[in-house]
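Chemist: I'll drop the sequence and a predicted model, then ask my questions.
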Amino acid sequence: MDKVRAEHAFLDLSDYARPAARWLVRRLLPTRVTPIHVTLAFTGVGLAAALLLAAHRWLLLAGGLLLLKSLLDAADGALARARQHPSRVGRFLDSVCDFGVMAAIFGGIAFRAWVESGQAYHWGVAAAALLCATLQGSVYSYYYVRYREETGGDQTSRVDESAPGGYAWDHPGLLRLLYALYQLIYGWQDRLMARLDRWAAPAGNRLTPPFLTFVSALGLGAQLAVIALSAAMGQPAWAPWLFVTLFNVYWLLVIAVRRLSRQY
């Protein structure tokens, strides 16, 4: 079910829902539920959380829904791997839905802040936070996908997504559409990360578990946990500022560590 072999496992701060996802996958295996169904479910759960944030009501529930979204997000790919039925359609659908959920979450937070203050700058902060959070997540994804390639792990995602690829069972038209959306949202980030890493590690140093743990604080699961915690504290508007400030410093530190350390 996991993306890396046990001997190459590392402490993934963004993957805290993995034990619960394994439990869920074991129960879904004998059913007719597909990974696509799970992806659509986490999309619905994430959008429901965004609506609660926009209404500024039931914030503890909103935070819980964001954590549930992380669980379901971990389960869709695990279910595909458990059935030995990977899908490039599912791979790109997952990423596109992740972006849609994050856009809705930041939009919901901005809407509530705008309603309460009448200040339009909250929309700008939300847009900046969405851009920053997406790029920060791409830093994590780049190194995690590279690590899986280096260690023989799951390769449904690729470092070089310059072509859609696809399996025999992937619907060609849907694959082309989702791939085009993926390239629009993430393509420039993938290319940026490839260039940054060539600068940071011109010798192409192999990645290590400690470095992956360091990077994993930028993953989507960790991002959702930050938003959930902010919501639980009754201050969801804090979250966009954290992505624009603190987490931008953190991902630049990741690149600096990669550049300065010969080990990583």
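Modeler: It's in.
Chemist: avg pLDDT for the helix or strand in which Phe247 is found?
Modeler: Element membership for Phe247, per DSSP states H and E: helix 246-260. Averaging pLDDT along helix 246-260 gives 95.
Chemist: Counting neighbours, which bits of it end up buried?
Modeler: 247-248, 250-251, 254-255, 258 (16 or more other Cβ atoms under 10 Å). No exception for glycine: its C-beta is placed from N, CA and C like everyone else's.
Chemist: Make CSV out of those and add distance to Ala104.
Modeler: Shown next, in CSV, are those (distance: Cβ to Cβ, whole Å):
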residue, distance to Ala104
Phe247, 19
Asn248, 22
Tyr250, 24
Trp251, 23
Val254, 27
Ile255, 29
Arg258, 32
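Chemist: What is the nearest of those to His56?
Modeler: Phe247 (23.4 Å; Cβ to Cβ).
Chemist: so the nearest residue to that closest one once chain neighbours are set aside, which of the three states?
Modeler: Spatially, and ignoring its direct neighbours in sequence, Phe247 is nearest to Gln136 (5.3 Å; Cβ to Cβ, 6 or more residues apart in numbering). Per DSSP: H, G, I helix; E, B strand; the rest coil, the local secondary structure of Gln136 is helix.
Chemist: Residue ranges in the chain under the pLDDT threshold?
Modeler: In the prediction, the chain carries residues with pLDDT under 70 at positions 1, 262-264.
Chemist: Distance check, the spatially most central residue of it against Gln136.
Modeler: The residue lying closest to the centre of the chain (Cα atoms, centre = their mean) is Leu220, at 3.4 Å. The gap separating Leu220 from Gln136 is 9 Å, by Cβ to Cβ, to the nearest Å.
Chemist: can you map out the helices along the protein?
Modeler: 18-28, 35-55, 59-82, 88-117, 121-151, 172-182, 188-200, 209-215, 220-232, 238-244, 246-260 (DSSP state H).
Chemist: Save those helices as TSV, and put in distance to Lys3 too.
Modeler: Output for the helices of the chain, formatted as TSV (distance: least, Cβ to Cβ, whole Å):
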stretch	distance to Lys3
helix 18-28	10
helix 35-55	14
helix 59-82	7
helix 88-117	12
helix 121-151	6
helix 172-182	18
helix 188-200	18
helix 209-215	11
helix 220-232	13
helix 238-244	25
helix 246-260	20
